[in-house]
Every structure is written in C-alpha cells, then in structure tokens.
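Structure, please.
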Amino acid sequence: MADITRRLGWRHLRGAPTAHVRHHRSGKLVHDGPGLSFWFRSLTAALSEVPVDDRELAMTFHARTADFQDVAVQATVTYRVSDPAVAAARLDFSIDPDTGAWRGAPLEQLGTLLTETAQQHALDVLARTPLSAALVDGVTAVRERVAAGLAAEPRLPATGIEIVAVRVVALRPEPEVERALRTPAREQIQQEADRATYERRAVAVERERTIAENELASKIELARREEQLVEQRGTNARREAEESAAADKVRAEAEATRTVRLAEAEAARAVKLSEAEATRAVKLSEAEAAKQVRLADAEARRTERLAAAESARTVKLAEAEAARSVRLAHAEAEAAREVGEARAQAQAAWLRVHADVDVATLHALTGTRLAENLPHIDSVTISPDVLTGLLAKLGGERE
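Predicted coordinates for the structure are as follows:
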C-alpha cells in the first residue's frame, strides 16, 4: 500500500518498488511506473496501484476419481502481474487518494479466477484416473495438466497475468480409504516380521544347543584338569615343606652366628662409650669449676661498683635536699616580712583615714562591714512575741 501524506491541500504519494502506480488527471495519464513519488490533488486525481511482485496462491479442493473415490488436492500457484496497464483496465486496482487503500478487492478476484481455472483442469484429469493410479502418479499428472491449462487459458494474458510456477503438494484420499489401502502393505510387513521372528527363534534354539554341548565338554575337561591340579598341588606341597625345613635350618644357624657377633660388637661399643663418658665428665667438671670461679669474681667486682655508685648518689641527693631547704626557708622569711610590712602600711593608712570621722559614721561603717561578713539570709521570720517586745522598747524610749 502506498504512503500518502497531506500538505496544505496537496497530497504526496510514495510508492514501493514492487508496486506499479498509475496517476490520471482529467482523463490523462500523468505518472506511470513502479516506485514513484509525486504530488497531486485529491479532487482531480485518479490513482491505481498494481502489485508486480511474485505472489503465492495456496488452494485446497476435493475431486472424484474414475472409481468414485474422493481425494483432496493441495496445490500452490505462483503468479505475477506482467502488464499493469491491462490489469488496471480489467480489474479495479484504484486506491483512495486520502488513505492509499484499495477501493475494491482485486487480489481476491485474481485468486478466485486462478483457483477455479486450476480446479477445473485438476478435476478433468482425476475424473479419468482410478484412485490407485492417482495416488501413484497423480501429483505429476495434475501438476502438468494444471500448468498446461493455465498457460493455455486466454483470459489470463488478457488480464495481464503471467503464471510463474505450479506446485501440487499432495493428493490424499479419505481417512477410511487411506487406512484400507494401508492394510495389505501393513499385513505383508507384519508377515515378514513374523517370519523373521520365527527364523530368529530357530537360530537362537540351535545356538543354545551348541552352547550347552560346549559347556558340557568344557566341564568334563575342567574336571580332568582339576584332578591333575590336585596331584600337582600335593607334589608341590611336599616339595615346599622340604625346602622350607632346609631354609629354616640355614636361617637358624645364620641367626645364631649373627647374634653372637652383635653381642661382641655391643660389648666393645659399651666399653668405648663408658671410657668416653668418663673423660667427658672430668672435662665438664673442670670447666664448670673454672666457670664458677670466674662468675664469683665478676659478681664481687659488680657488687663493689654498685655500692660505690649508690653511696655517691646518696651523698649528692642529701646535699641537693639541704640546699633546697635553705633556699625555701630564705624565700618564706622574705615573703613573710614583705606581707607584714604591707599589712602595717595598710592599717596605718586606714587609721589615718578614720581618725577625723565622727562616732556615728564609724558605727555605720562598722554595721556595713558586719553586714558584709554575715552569711546570706533568704528570708526572716518575726514571731508575735519578738514584735511585741520591740514595740514596747520603742514606746519606752519615746516616753
């Protein structure tokens, strides 16, 4: 289907390479060809689009053979439009100028034409062919007859249609007839299978008899050889016992000689070890004594050095402590003297300031100083007895 777009009252058509577009305006052919692209006005344009690619048409229909048996035919016809101008003139391939869709159904008309034509030729050839021959050679006969009939059909070239290929996929009878036709072949195959089974069983029985005879002969031969084996085993056991006794005797003599030699060697080694151990013990004792002497001398020298260092350290610490005590005493005496002088000067100044003040002012200052030194009082509670006594004293003084 062509793509049609709108722009300000104009229409633009863009066709596909496999679609032949014919554009008529006022009865005149303006554009004609596949894969076109052009502008047109929808009110004055008549458009048709004819597909020119190869198309497949599958068809299935029933036919009757010469012996009145129904068969189903499956075929495919490949065709194409060879003359788009003739096809557009014979069939309605016109498209809507706004949507690009076909106004009619031209491909369905072509399909109906091809199906009916092919079916007519297939029915003609099958009507003169019995079922057995149709199932054997019917596919080739129907394909050749349909291809020849479509090639000779005058209406197809007149419509611009060209047949590319004809394929007949299958000719199938009704299911019951097909099963009936399969029965003889199935029975023959079953008979061949049964015959092969019987022959296989006969061969198996013959082989089993041969195997049983071979097994019996093998058992007899095995019994005879087992008897020979028992005799040989007895002879071998006696010979093995004799050889074992002689070997034990030789082994005992060799073991005794080896034991004597080992005892002598062990005694000599023990003597050598004892002498070496005594020599080593003497040397170790001497070395240990010399080591103890050296350690005692070193310890005495170290003790003397430590004592001398400790006494010198104690003397130095005592001298330093005495010097520090003297310096602290001088500093405390000097500080006490300075503090005493400052207090005396402050007291003398205070006395000079208050020498000329009257007694009432001194009393007020005394009360103020006393109030400053009293602890903080949040609240005071006056009982009636105290208040009565104070009022009586105030009244007496006034009188």
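
Of all the helices and strands in this structure, which has the lowest average confidence?
helix 384-398 (a mean of 68; mean pLDDT, DSSP states H and E).

Check which helix or strand residue 168 maps to.
strand 161-173 (DSSP states H and E).

Whatever helix or strand comes next after that strand - contacts with which helices or strands?
Per DSSP H and E, the first helix or strand lying C-terminal to strand 161-173 is helix 175-353. Identification of packing neighbours for helix 175-353 by 3 or more CB pairs under 8 Å, 6 or more residues apart in numbering; DSSP states H and E yields helix 131-152. Glycine gets a C-beta too; all of them are placed from N, C-alpha and C.

what comes up buried for the helix it packs on?
131, 134-135, 138-139, 141-143, 145-147, 149-150 (16 or more other CB atoms under 10 Å).

now the residue lying closest to residue 104 once chain neighbours are set aside: how far from residue 321?
Nearest residue to residue 104, sequence neighbours excluded (CB to CB, 6 or more residues apart in numbering): residue 92, at 3.9 Å. Distance, residue 92 to residue 321, using CB to CB, to the nearest Å: 137 Å.

Likewise for residue 81?
Counting by CB to CB, the gap from residue 81 to residue 321 is 133 Å.

Of the two, which one has the most company?
residue 81 (24 against 10; other CB atoms under 10 Å).

Just give the number of residues close to residue 119.
18.

Apologies, that question was intended for residue 124.
Residue 124: 14 neighbours (other CB under 10 Å).

quick thing: my sequence starts at 55, can you match it?
Taking 55 as the first residue, the last one we looked at is residue 178.

isn't it right next to residue 199, touching?
Yes - contact status for residue 178 versus residue 199: in contact at 7.1 Å, counting by CB atoms under 8 Å.

got a list of what residue 405 touches?
If you count contacts by CB atoms under 8 Å, 6 or more residues apart in numbering, residue 405 has none.

Repeat that for residue 230.
Going by CB under 8 Å, 6+ apart, the list of residues near residue 230 is empty.

Look up how far residue 124 lies from it.
In terms of CB to CB, residue 230 sits 10 Å off from residue 124.

cool, residue 182 as well?
Counting by CB to CB - residue 182 and residue 124 are separated by 16 Å.

Would you list the phi and psi of residue 114?
Residue 114 has phi and psi values of phi -140, psi 130 when expressed as degrees, to the nearest 10.

what about it, how many residues close to it?
Every residue meeting other CB under 10 Å relative to residue 114 is counted, giving 13.

beta partners for it?
residue 128 (DSSP bridges).

May I have the predicted confidence score for it?
At residue 114, the model reports a pLDDT of 86.

do the same with residue 234
pLDDT, read off for residue 234, is 68.

does residue 107 really touch residue 134, like I thought?
Yes - at 6.6 Å, residue 107 counts as touching residue 134 under the criterion of CB under 8 Å.

Low-confidence ranges, the stretch 155-304 of the chain, go.
Within the stretch 155-304 of the chain, the set of residues satisfying pLDDT under 70 comprises 234-237, 239.

Just the terminal-to-terminal distance for stretch 97-114.
Length of stretch 97-114, first residue to last, CA to CA, to the nearest Å: 43 Å.

Check stretch 86-99 too.
13 Å.

quick one: contacts of it?
By CB under 8 Å, 6+ apart, stretch 86-99 touches 63-80, 84-85, 101, 106, 139, 151-152.

Mark which of those are buried, thanks.
Here, 16+ other CB under 10 Å leaves 65, 67, 69-70, 73-78, 85, 101, 106, 151 buried among the contacts of stretch 86-99.

Out of those, which comes closest to residue 384?
residue 70 (124.8 Å; CB to CB).

who touches the closest one in this structure?
Residue 70 touches 56, 88-89, counting by CB under 8 Å, 6+ apart.

Hmm, which of those is lowest in pLDDT?
Ranking these by pLDDT puts residue 56 at the bottom, with 73.

OK, contacts around it?
67-70, 73, 75, 101, 103, 149, 154.

excluding its backbone neighbours, what's nearest it?
Closest to residue 56 by CB to CB, 6+ apart is residue 154, at 4.4 Å.

Would you enumerate the residues in contact with residue 153?
residue 58.

Kindly give the local confidence score, pLDDT, for it.
For residue 153, the model assigns a pLDDT of 83.

Can you check my assumption that it lies in a helix?
No - Residue 153 is assigned coil when assessed by DSSP: H, G, I helix; E, B strand; the rest coil, not a helix.

Distance of it relative to residue 75?
Residue 153 is 15 Å from residue 75, by CB to CB.

Ok, residue 187 next?
For residue 187 relative to residue 75 (CB to CB), the value is 49 Å.

just residue 423 next, same as before
128 Å.

go on, residue 347?
132 Å.

what does residue 283 give?
With CB to CB as the criterion, residue 283 and residue 75 are 105 Å apart.

With residue 390 instead?
On the measure of CB to CB, residue 390 and residue 75 end up 132 Å apart.

repeat for residue 128
From residue 128 to residue 75 the distance is 35 Å (CB to CB).

More neighbours: residue 107 and residue 134, which one.
residue 134 (15 against 11).

In which helix or strand does that one reside?
strand 124-135.

could you give the mean pLDDT of that strand?
On average, strand 124-135 scores 88.

So what's the residue count around the residue nearest to residue 231 when sequence neighbours are not counted?
Nearest residue to residue 231 in three dimensions, chain neighbours excluded: residue 123, at 6.0 Å (CB to CB, 6+ apart). Neighbour count of residue 123, defined by other CB under 10 Å: 18.

Hmm, residue 225 and residue 123 touching each other?
No - counting by CB under 8 Å, residue 123 stays clear of residue 225, with 10.9 Å between them.

overlap in contacts of these two?
Counting by CB under 8 Å, 6+ apart, nothing touches both residue 123 and residue 225.
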